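**Q** can't give you the sequence, but here's the structure:
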Ligand code: ADP
Ligand code: ZN
Ligand code: ZN
């Protein structure tokens, strides 16, 4: 019997496993693992898939379909990546398709975006066409190109594929793969002296003569020659030539006369502007010591935690390490919590390594993502800088992964599957690629710190600021006392006010931190106590004075601020709580001459808003910068000696087992922005509870004692790192059905867990978002248990639950290691 071959294909679907397709002889010669293919799936759709594997086992239960088309000659996904995806799917309990969908640039996925093109408009034997074929043919005569989806609309059937197949067989149409790529290379027009004139003096003079009556064209031609000499054969864009004074009309006329040539060329979107490269700085003795320890510890540890106080020069150490990794011919992935707020670091790295640095920007559009993917695949970059999603690029030959600010919770993906943690997954990827992982932070996460003390990771401490500048002096301001003694104007205590005044007097810039955006988180009627809430979520609306709106920060709902109380009609609407907008206003009132700016999500719309603001601040065009935690991430300014925290309390009172850890980290990081260059900085923290242990520890830089307390509690109450957590989040529009389903699952799970390890169902603090009710079940896995077995158990119980139709409609998101 003839053997037949099959391919397993990864499809971008939330369904388990891969899907089997049969291969023709011809397919077999073409196919490669990691290659992009389009395949039919279901009744109507064509999907883009990735070749996972090739085998000879025909599925028993169903008849396989064939591959529709190979979309590229070479794989776009590496074999290592496929393994990496499988591991993540397994660990985070999601499908390979969930990862493919999230990891792969969507511009390279075609999902029924295939187009058909008319290739034989003169087809004559119309009587051979059935009605459907005729309709599509007619439509194509008008349009030439239509999408497969449009074709389905034209034939008014679920799928147009059968019809299109017939038309293809008759040679009337073809499927067009080029067109359906959402990725379009960026093509620019370039201009150069016509090749006929190059080195042909006589002919050149002739042309110049002919132009005697067109002085503008003549001048432009001469200018072009000068520019070409200056550019030393680098291509010149028409647009740039125009910037130099030539007009499009002049260039066009010159081209028509054969004096110049206009040609097209693909321009890279991800190329960096030309930047001067500098040498990596000499390390100080302390830094050198840390650097050597890191290298030493990497000899027998695959992960090292670099615990270096703010401004100790961690970045300088990274640069030096990068240099050595590159010298060995390996590549580096440098992960940052949020790329958009770390332009300063990107700039520093580019300064040292020039155009061998690829930056994956979270605000990149689809085309830019594709180019970065392709450039990574061919190994164009030595260093890739990016946020958590950069972990999914097709690396080869990685030598090191640096996870900067490893304590940041934005490394965890929370909105879409897979709910992965980039720090944890970087260790997995590092293991697969034989790359070392360096975690860096001034305030390491409890987990990493614990792993370091347990000798699972190497641990290197750097406790001195660069230049031996002392860490800022941190003092607390008691808001209760300030209020009682009337030493406060609105929310700014007079101590804080005077300090800002002092700083401005010395031409210093000031950073103020307030954790909430908007004007006020709550509006309240003075007469009846009514508080406007979001119609879609169980949360009060935040008042935004600037846009005069009430907004929901969870679903984006917005309405104009009402003139009267919607409940009793009273005019007396008051606000409660404070946001950045309100602080901005208060500060502006106190310092009318100062240039005050705000940095929060609302103020940072637009692609280069951050970059612009950072530049303005660096250029001293801003005196006082007020911001949310955005201002904490990697900011390094030389003219800031003072940082103020408007209200620390909201940080301390979060209902979350990580609240204290996060509050300590955030406040320490905020404080770390002060006094980074010349002298010791100062920090003032306003709070209603200055006696709070966390605040006390922040002022004394007591990291280790804080961790000791936190770890003690975590152990006592069975939380990470002394247990692994799995959160099951249920969502449904009917509260009743939601609760019943969650309760039923708990009933199924109960016998397998002790009561301390199975919590809920319990609604989170915001129990309804976007019209979906939410409830959580939390499972704790003790170190003695096998996480793999428990995950399987959970999956089995969910499957069992789903045998009953009524429970199936409730969505269950499984979040492994929630943060
Ligand atoms: P961290 O990453 O630990 O917060 P940075 O690397 O940003 O610290 O260093 C703080 C500042 O000190 C930066 O402006 C940096 O350029 C400077 N700096 C640190 N180490 C050196 C060094 N060895 N030589 C020159 N400048 C240094
Ligand atoms: Zn009212
Ligand atoms: Zn809402």
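**A** Good, I have the coordinates. If you're wondering where the values come from, they're calculated on a predicted model, not measured in any experiment. Ligands and ions are numbered 1, 2, ... in the order given.

**Q** Which strands and helices lie in contact with the helix or strand harbouring residue 137?
**A** Using DSSP states H and E, the element containing residue 137 is helix 131-143. Under the contact criterion of 3 or more C-beta pairs under 8 Å, 6 or more residues apart in numbering; DSSP states H and E, helix 131-143 touches strand 115-118, strand 145-147, helix 148-155, helix 161-169. To be clear about C-beta, it is placed using only N, CA and C from the backbone, and glycine gets the same treatment.

**Q** cutoff 7 Å now
**A** Helix 131-143 sits against helix 148-155, helix 161-169, with contacts defined as 3 or more C-beta pairs under 7 Å, 6 or more residues apart in numbering; DSSP states H and E.

**Q** strands paired with the next helix or strand after the last one, and their directions?
**A** For helix 161-169, the succeeding helix or strand toward the C-terminus, using DSSP H and E, is strand 173-176. For strand 173-176, the paired strands and their directions (DSSP bridges) are strand 115-118 (antiparallel).

**Q** Mind listing what's buried along the partner strand?
**A** In terms of neighbour count (16 or more other C-beta atoms under 10 Å), strand 115-118 has its buried residues at 115, 116, 118.

**Q** Return only those of the residues you listed found close to ligand 1.
**A** The overlap between these and the neighbourhood of ligand 1 (criterion: C-beta under 6 Å from any ligand atom) is empty.

**Q** Using JSON lines, lay out those residues together with pLDDT.
**A** Formatted as JSON lines, those follow (pLDDT from 0 to 100):
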{"residue": "115", "pLDDT": "76"}
{"residue": "116", "pLDDT": "81"}
{"residue": "118", "pLDDT": "87"}
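
**Q** Let me have those residues in CSV, adding distance to residue 62 as columns.
**A** As requested, the buried residues of strand 115-118 are exported to CSV (distance: C-beta to C-beta, whole Å):
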residue, distance to residue 62
115, 29
116, 28
118, 35
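
**Q** which one of these sits closest to ligand 1?
**A** residue 115 (49.6 Å; C-beta to the nearest ligand atom).

**Q** roughly how far apart are that closest one and ligand 3?
**A** Distance of residue 115 to ligand 3, given as C-beta to the ion, to the nearest Å: 39 Å.

**Q** Bridged to that residue, which residues?
**A** Beta-bridge pairing for residue 115 (DSSP bridges): residue 147, residue 176.

**Q** Please list the residues of the stretch 401-550 of the chain that sit near ligand 3.
**A** For the stretch 401-550 of the chain, the residues in contact with ligand 3 (C-beta under 5 Å from the ion) are 534, 536, 537.

**Q** rewinding a little: mean pLDDT lowest for which of the helices and strands packed on helix 131-143?
**A** Mean pLDDT is lowest for helix 148-155 out of the helices and strands packed on helix 131-143, coming in at a mean of 78.

**Q** Quick one: name the residues of the chain near ligand 1.
**A** Counting by C-beta under 6 Å from any ligand atom, the chain sits next to ligand 1 at 281-284, 287, 308, 310-316, 466, 636, 676.

**Q** Could you list which of those residues belong to strands?
**A** Those of the residues of the chain next to ligand 1 mapping onto strands are residue 308, per DSSP state E.

**Q** pLDDT at residue 227, what is it?
**A** Note on residue 227: pLDDT of 83.

**Q** So what does it have for phi and psi?
**A** phi -60, psi -40 (degrees, to the nearest 10).

**Q** cool, residue 769 as well?
**A** phi -130, psi 130.

**Q** Can you tell me how far it is from residue 745?
**A** For residue 769, the distance to residue 745 (C-beta to C-beta, to the nearest Å) stands at 21 Å.

**Q** Compare the two and say which is more crowded by neighbours.
**A** Between residue 769 and residue 745, counted using other C-beta atoms under 10 Å, the more crowded position is residue 745 (24 against 18).

**Q** Three-state assignment for the more buried one, please.
**A** helix (DSSP: H, G, I helix; E, B strand; the rest coil).

**Q** How about residue 34?
**A** coil.

**Q** thinking it is in contact with residue 83, fair?
**A** No. Contact criterion C-beta atoms under 7 Å: residue 34 and residue 83 do not qualify, at 10.9 Å.

**Q** Those two - which one has more neighbours?
**A** Taking other C-beta under 10 Å, residue 34 and residue 83 do not tie; residue 34 has more neighbours (20 against 13).

**Q** Contacts only, for the closest residue to the more buried one other than its chain neighbours.
**A** Distance criterion C-beta to C-beta, 6 or more residues apart in numbering; nearest residue to residue 34, sequence neighbours excluded, is residue 75 at 3.1 Å. For residue 75, the contact set (C-beta atoms under 7 Å, 6 or more residues apart in numbering) comprises 32, 33, 34, 35.

**Q** Just the buried subset of those residues, please.
**A** So, by 16+ other C-beta under 10 Å, the buried ones in the contacts of residue 75 are 33, 34, 35.

**Q** Out of those residues, which is nearest to ligand 1?
**A** residue 34 (36.7 Å).

**Q** dump the residue contacts of that closest one.
**A** Applying C-beta under 7 Å, 6+ apart, we find residue 34 in contact with 50, 51, 75, 76, 77, 78, 79, 82.

**Q** Out of these, the closest to ligand 1 would be?
**A** residue 78 (31.6 Å).

**Q** who's in contact with the closest one?
**A** Applying C-beta under 7 Å, 6+ apart, the residues near residue 78 are 34, 394, 396.

**Q** Kindly report the same for residue 697.
**A** 664, 705, 706.

**Q** gap between the second one and residue 685?
**A** In other words, residue 705. For residue 705, the distance to residue 685 - C-beta to C-beta - is 18 Å.

**Q** Looking at those two, which one has more neighbours?
**A** Neighbour count, other C-beta under 10 Å: between residue 705 and residue 685, residue 685 has more, with 23 against 12.

**Q** where's the more buried one, which helix or strand?
**A** For residue 685, the enclosing helix or strand under DSSP H and E is strand 682-687.

**Q** And whatever helix or strand comes next after that strand, what's buried?
**A** Using DSSP H and E, the helix or strand that follows strand 682-687 in sequence is helix 693-699. When neighbours are counted by 16+ other C-beta under 10 Å, the buried residues of helix 693-699 are found to be 694, 695, 697, 698, 699.

**Q** picking up where we left off before, can you tell me which of the contacts of residue 75 comes closest to ligand 3?
**A** residue 34 (41.6 Å; C-beta to the ion).

**Q** Touching stretch 541-551 from outside, list them.
**A** Residues contacting stretch 541-551 (C-beta under 7 Å, 6+ apart): 518-521, 523, 532-534, 552-553, 558-561, 575, 579, 581, 602.

**Q** Next: stretch 774-790.
**A** With C-beta under 7 Å, 6+ apart, stretch 774-790 has contacts from 718, 722-731, 738-739, 742, 745-746, 753, 757-764, 767-768, 794.

**Q** What is the end-to-end distance of it?
**A** Stretch 774-790 stretches 23 Å from its first residue to its last (C-alpha to C-alpha, to the nearest Å).

**Q** roughly how far out does that stretch sit from the chain middle?
**A** Chain-centre distance of stretch 774-790: 28 Å, with C-alpha atoms, centre = their mean, to the nearest Å.

**Q** Burial check on residue 74, number of neighbours?
**A** By other C-beta under 10 Å, neighbour count at residue 74 equals 10.

**Q** rewinding a little: which of the helices and strands packed on helix 131-143 sits closest to ligand 3?
**A** helix 148-155 (32.3 Å).

**Q** helices or strands next to that closest one in the packing?
**A** helix 131-143, helix 161-169.

**Q** Identify, out of those helices, the most deeply packed stretch.
**A** Sort those by mean neighbour count, taking mean count of other C-beta atoms under 10 Å, and helix 161-169 sits at the top with a mean of 18.

**Q** Name the surrounding residues that touch that one.
**A** 40, 44, 116, 132-133, 136-137, 148, 151, 155, 173-175.
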